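**Student:** Curious how this folds, go ahead:
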Amino acid sequence: MAAGCGRLVNPSVVDAGERSRQSRFIGVMLAAPFLAAGSAVTLITASLGADVTLAAIFATFGLCWFTALLVAATGRLLPGVPLALAAASAGLAGLVAAAGGPASPVMVLALALPVEAFWISGERRWAVWGIVAACAGILLQFAIHPVWPAAAPAAWHWLVPLAWGATLLPRARYWRDSIDAEDEAQTQMQFQHVIDGVVFRIARCGEVLEASGQARSILKLAPELLNGTGLFDRVHLADRVAYLSALADMREGAGLRRLELRIRLPMAEPGATGDNYRPFSLELMACEEGGAFFALLRENEEVARLRAALAAAHEAASGAEVAKGRFLAAVSHELRTPLNAIIGFSDMLLNDMFGSFADPRQKEYVGLVRDSGQHLLEVVTSILDVSRIEAGAYSAEPEPFRFADAVEMCRSMLAVQAGDRNIDLATHVAPDSGEINADRRAVQQILINLASNAIKFTPDGGAVTIGAQRIGSRLHFWVSDTGIGIAEEDLEKLGKPFMQIQNDYTRRFAGTGLGLSLVKGLVALHEGTMSVESAPGKGTRVTISLPVDGPGNGPKGNRDNSVVLPISSARSGVEPSKKEGRHGPLRKTA
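**Tutor:** Below is the predicted model of the structure:
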């Protein structure tokens, strides 16, 4: 009952002593009508009848409970206490008059008013007001006794004061325990102010029984708001399992449990939206066998600092990424104009539009200038495309076309390059490949980049194969070669801009490392997947999977769906043999 009355105290009351006084007052107001009802039935019914008795009982219950709710709602003992004393004085006068006057044993109830007033407050001045109210009740019964039908005093009237006296013994014990608890609370409060954290006393069922005053400065909450399930309701949903598991361990006998929690705090600005979760560390400790637990909640400054640093670094990286993309796009655009002029004028000179060269070496040098300009233009175009994809500015224009036509166009473009190296460039496109709805230019760029890389890194006399097959609603096509292959430690470098794998063989070839990065971005732009299977000395196979009906209705060109993709390395379905060792066949999927 004491715990229930304590919960009825208004949360705005923060002083421990005042909360205890209001709790006792509410308890008295809730229990007093039952004693008054029993007295009315035994004393008033015989003289005034059952109707008056019932009216007096209902009036007593209504007035006492209204007074208790008034104090609980306002958090103030005034005007509840004067109203209660006035009602008690009138009730005392009525009972004494009905019992036969001052000669009746009911007169002993006059002591109840100062005793109850002192028990509630613990102050002498309240006991004095109780004595005044008792005297007023005695004087009032003299006024109403001549007109009040009363019974003669009887020995059984002692039952009424004895019933009240029976309540004093448990309340005296509670008074002693509450004083000890207040002293202990005062001692704890002195230590709680030293501890940089919120101290909780938690019942075995998990409900918070008490929270220290540090909750106001650390959690920005009144301690009373954390009682019961108040703390659990503010724990992040993802952390509640760990919290409940720690409580279960404590109930099973664990001595100490530590865990990390995110607690929802009030918004700093009224009307703000969103969740204001902050990281905290919680330590659960057992206080005694079979009793409650103590918990210490402290701010996790290290996690908060790391999160702030991570947010700042992410913001700086995002800004640098955007600035880099804009810089590359601007520089690439500015380079294209002079390069087009160099290539165009070189073609004019090579075609002898303004006369022949005096020395054949002049024509050779002009040809070298044109070839260098075309190579540089291809590099600039790749840089521009990669930067546009990263910035989300690359817009795909899907259209239906036969995939076999794109493969044939790629084969015809690279046939001369493959022939010069005596490399067999073959195509194996399944008849059911049919049409695909995609950006034709992007698909052709993917095929050209993959096939040219395969030819570049395949020794003379090797083979490069372009294949395709439709599986369900997706088209799978691949480019395989019999080249040098890729080692396990180099797989993670694939697809990164300006990153080229270096070994004794690849150093002989120029390149910027943009080809596969561009392929990766174009594949992600079409909501496709790319996987690489390779082993050193056994060639490489790059497989692309695209939806036949084109990309979905989601945002196109999003950075999260283009170049920044989760990459994992895993062994293929067949384990490498002993000869292959750690450089066995590997697959990388992006």
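**Student:** from here on, contacts and neighbour counts on C-alpha atoms
**Tutor:** Will do.
**Student:** can you pull out the strands in the chain?
**Tutor:** All strands of the chain, identified by DSSP state E, fall at 198-202, 208-211, 256-264, 277-286, 293-299, 399-402, 424-429, 435-438, 463-471, 474-481, 529-534, 540-547, 568-571, 586-589.
**Student:** Out of those, flag the one nearest residue 234.
**Tutor:** Of all the strands of the chain, strand 256-264 sits nearest to residue 234, with 5.1 Å by C-alpha to C-alpha.
**Student:** avg pLDDT for the closest one?
**Tutor:** Regarding strand 256-264, the rounded mean pLDDT is 90.
**Student:** cool, stretch 230-250 as well?
**Tutor:** Across stretch 230-250, the average pLDDT comes to 92.
**Student:** what distance separates it from the centre of its chain?
**Tutor:** Stretch 230-250 has its C-alpha centroid displaced from the chain centroid by 14 Å (C-alpha atoms, centre = their mean, to the nearest Å).
**Student:** Show me the contact partners of it.
**Tutor:** Here stretch 230-250 makes contact (C-alpha atoms under 8 Å, 6 or more residues apart in numbering) with 204, 206, 208, 256-265, 277, 284-286, 293.
**Student:** buried set for that stretch?
**Tutor:** 231-232, 234-236, 240, 243, 246-247, 250 (16 or more other C-alpha atoms under 10 Å).
**Student:** Which of those fall within helices?
**Tutor:** 231-232, 240, 243, 246-247, 250 (DSSP state H).
**Student:** If we only consider those residues, which is nearest to residue 516?
**Tutor:** Nearest to residue 516 out of those is residue 240 (C-alpha to C-alpha; 44.6 Å).
**Student:** hmm, back to that, dump the ones in helices among the buried residues of stretch 230-250 to a markdown table, plus distance to residue 32.
**Tutor:** Shown next, in a markdown table, are those (distance: C-alpha to C-alpha, whole Å):
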| residue | distance to residue 32 |
| --- | --- |
| 231 | 34 |
| 232 | 36 |
| 240 | 43 |
| 243 | 42 |
| 246 | 43 |
| 247 | 39 |
| 250 | 41 |
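**Student:** Looking at the residues you listed, which is nearest residue 407?
**Tutor:** Using C-alpha to C-alpha, those come closest to residue 407 at residue 240, 55.6 Å.
**Student:** Please report the distance of that closest one from residue 301.
**Tutor:** Distance, residue 240 to residue 301, using C-alpha to C-alpha, to the nearest Å: 21 Å.
**Student:** Mind putting the buried residues of stretch 230-250 into JSON lines with distance to residue 142?
**Tutor:** Shown next, in JSON lines, are those (distance: C-alpha to C-alpha, whole Å):
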{"residue": "231", "distance to residue 142": "57"}
{"residue": "232", "distance to residue 142": "59"}
{"residue": "234", "distance to residue 142": "60"}
{"residue": "235", "distance to residue 142": "63"}
{"residue": "236", "distance to residue 142": "66"}
{"residue": "240", "distance to residue 142": "66"}
{"residue": "243", "distance to residue 142": "65"}
{"residue": "246", "distance to residue 142": "66"}
{"residue": "247", "distance to residue 142": "63"}
{"residue": "250", "distance to residue 142": "64"}
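**Student:** Would you mind telling me which of the strands of the chain is nearest residue 371?
**Tutor:** Taking C-alpha to C-alpha as the criterion, strand 424-429 is the member of those that comes nearest to residue 371, at 23.7 Å.
**Student:** Can you point out the buried residues in the closest one?
**Tutor:** 424-425, 427, 429.
**Student:** Compare the strands of the chain and report which one is nearest to residue 357.
**Tutor:** For residue 357, the closest of the strands of the chain is strand 424-429, at 37.7 Å, according to C-alpha to C-alpha.
**Student:** Report the mean confidence score over the closest one.
**Tutor:** 91.
**Student:** Parallel or antiparallel, which strands does it pair with?
**Tutor:** Strand 424-429 has the following strand partners under DSSP bridges: strand 463-471 (parallel).
**Student:** for the partner strand, which positions count as buried?
**Tutor:** Result for strand 463-471 [16+ other C-alpha under 10 Å]: buried residues 463-470.
**Student:** which residues touch residue 224?
**Tutor:** Residue 224 sits next to 11, 210-211 when contact means C-alpha under 8 Å, 6+ apart.
**Student:** Could you list the domains of the protein?
**Tutor:** 2-176, 195-299, 305-390, 399-589 (automatic domain parsing).
**Student:** Check the gap between residue 405 and residue 74 for me.
**Tutor:** Distance, residue 405 to residue 74, using C-alpha to C-alpha: 84 Å.
**Student:** can you give me phi and psi for residue 10?
**Tutor:** phi -60, psi 130 (degrees, to the nearest 10).
**Student:** could you measure it against residue 71, distance?
**Tutor:** For residue 10, the distance to residue 71 - C-alpha to C-alpha - is 8 Å.
**Student:** more crowded one of those two?
**Tutor:** residue 71 (22 against 19; other C-alpha atoms under 10 Å).
**Student:** And the pLDDT for residue 187?
**Tutor:** 57.
**Student:** coming back round to it: distance to residue 23 and pLDDT for the buried residues of strand 463-471 - can I get that in CSV?
**Tutor:** Shown next, in CSV, are the buried residues of strand 463-471 (distance: C-alpha to C-alpha, whole Å; pLDDT from 0 to 100):
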residue, distance to residue 23, pLDDT
463, 91, 93
464, 88, 93
465, 87, 94
466, 85, 94
467, 83, 93
468, 81, 93
469, 80, 93
470, 78, 92
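**Student:** Kindly indicate which of those lies nearest residue 130.
**Tutor:** Comparing the buried residues of strand 463-471 against residue 130 with C-alpha to C-alpha places residue 470 closest, at 95.7 Å.
**Student:** Correct me if wrong: the closest one contacts residue 432.
**Tutor:** Yes: between residue 470 and residue 432 there is a contact at 6.4 Å, judged by C-alpha atoms under 8 Å.
**Student:** Residue 245 versus the most centrally placed residue in the chain, what's the distance?
**Tutor:** Nearest to the mean C-alpha position of the chain, by C-alpha atoms, centre = their mean, lies residue 236 at 5.9 Å. For residue 236, the distance to residue 245 equals 15 Å [C-alpha to C-alpha].
**Student:** and if you look at residue 75?
**Tutor:** As judged by C-alpha to C-alpha, residue 75 and residue 245 stand 37 Å apart.
**Student:** can you check residue 278 too?
**Tutor:** Distance from residue 278 to residue 245, by C-alpha to C-alpha: 21 Å.
**Student:** Where does the prediction get shaky in the stretch 1-150 of the chain?
**Tutor:** Counting by pLDDT under 70, the stretch 1-150 of the chain has low-confidence residues at 1-3, 14-16, 41-49, 145, 147-150.
**Student:** Cool, thanks, signing off.
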